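1. the amino acid sequence is not available; the structure is as follows:
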Ligand SMILES: Nc1ncnc2c1ncn2[C@@H]1O[C@H](COP(=O)(O)OP(=O)(O)OP(=O)(O)O)[C@@H](O)[C@H]1O
């Protein structure tokens, strides 16, 4: 297994405040990695260190095989990564095309490389309709597409995205997200992402949850869901009293709200078994799958650190 990112015992101190408290993790090459945590957990601090923009206090970081060095410019690392932060770095007065080409030139790309790379990013980010417009005149979603294109013009091996879809309307969010996902799967690029949208984390290969500077959970979305979320079945009975009686007789733990009884199920098969045994009593039912939202809420509510 090849790792794009290796972090060992990383710490960051801001004066008295330790924002990142000795975290260690690896990111597999070509994977989609989601870095989650409540506000102030230390996500941006970590991502800025990995992107060579902020000095770590201690610990080791390796990016694409290069060790991050506090005392030099980490040129090789910078060449191999693309970064999209919450605030844009594009020039409002230049067109999208000018902005991106200008960026490409800073990497010393030849004219032919620039043209080929521009074509590549334009296809993924659908730049055709906005490339001649000044960046400052674009909508939030259009700006995001241009921001991501800028980060990709030198065809980096890793794309870092700090909350790439925050503030976008649902339709635009989906569009931007699909472009990111497509890039990752089709080009085998490693994508390192922070997000507050759990449906984005749900399709990641690996998820880490950070809380107050420490890793409190990590795994695939499925393993985290198994550990921290559960499926529920909502039941409506023809006769509430009889239904409730049946639950109690069978020692099934339940909650009730406005005549809807919720019971925890371990699998769809478990739900089916319950349904079969209470069939004459049941007027309607719904199986509600555990989500990454449940995972996040559960982890945040817990005090302990993994
Ligand atoms: N330059 C700074 N000086 C002092 N403290 C800072 C600085 N930057 C961040 N912090 C503190 O470090 C902690 C982690 O901040 P960070 O921005 O990394 O969190 P985050 O998880 O990215 O939050 P958000 O989801 O709100 O972006 C917070 O308590 C924050 O107040």
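-> That came through, no problem. Treat the numbers as computed from the prediction; the structure is a model and nothing was measured. Numbering: from 1, shown residues only.
2. drop to CA atoms for contacts and neighbour counts, all remaining ones
-> Noted.
3. what helix or strand is the residue nearest to residue 56 when sequence neighbours are not counted located in?
-> Using CA to CA, 6 or more residues apart in numbering and skipping the chain neighbours, the partner closest in space to residue 56 is residue 12 (5.3 Å). Using DSSP states H and E, residue 12 falls within strand 3-14.
4. can you check residue 246 too?
-> Judged by DSSP H and E, residue 246 forms part of helix 240-249.
5. list the buried ones in that helix?
-> Neighbour-count burial for helix 240-249, counted by 16 or more other CA atoms under 10 Å, picks out 243-244, 247.
6. neighbours of whichever residue of the stretch 101-250 of the chain sits closest to the ligand, how many?
-> Of all residues in the stretch 101-250 of the chain, residue 213 sits closest to the ligand, at 7.1 Å by CA to the nearest ligand atom. With neighbours defined by other CA atoms under 10 Å, the count for residue 213 comes to 23.
7. wait, it sits on residue 39?
-> No. Contact status for residue 213 versus residue 39: not in contact, 10.9 Å apart, counting by CA atoms under 8 Å.
8. so, low pLDDT: which residues of this protein?
-> Applying pLDDT under 70 to the chain flags residues 303-306.
9. just the strands in it please.
-> 3-14, 17-28, 32-37, 58-63, 66-67, 81-84, 158-162, 190-194, 206-211, 214-219, 231-237, 254-257, 260-265, 282-288 (DSSP state E).
10. can you lay out the ones you listed as a markdown table showing distance to residue 172 and mean neighbour count?
-> Shown next, in a markdown table, are those (distance: least, CA to CA, whole Å; neighbours: other CA atoms under 10 Å):
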| stretch | distance to residue 172 | mean neighbour count |
| --- | --- | --- |
| strand 3-14 | 29 | 18 |
| strand 17-28 | 28 | 17 |
| strand 32-37 | 20 | 25 |
| strand 58-63 | 31 | 19 |
| strand 66-67 | 36 | 16 |
| strand 81-84 | 17 | 22 |
| strand 158-162 | 16 | 24 |
| strand 190-194 | 18 | 24 |
| strand 206-211 | 24 | 24 |
| strand 214-219 | 29 | 19 |
| strand 231-237 | 30 | 20 |
| strand 254-257 | 36 | 12 |
| strand 260-265 | 35 | 19 |
| strand 282-288 | 27 | 15 |
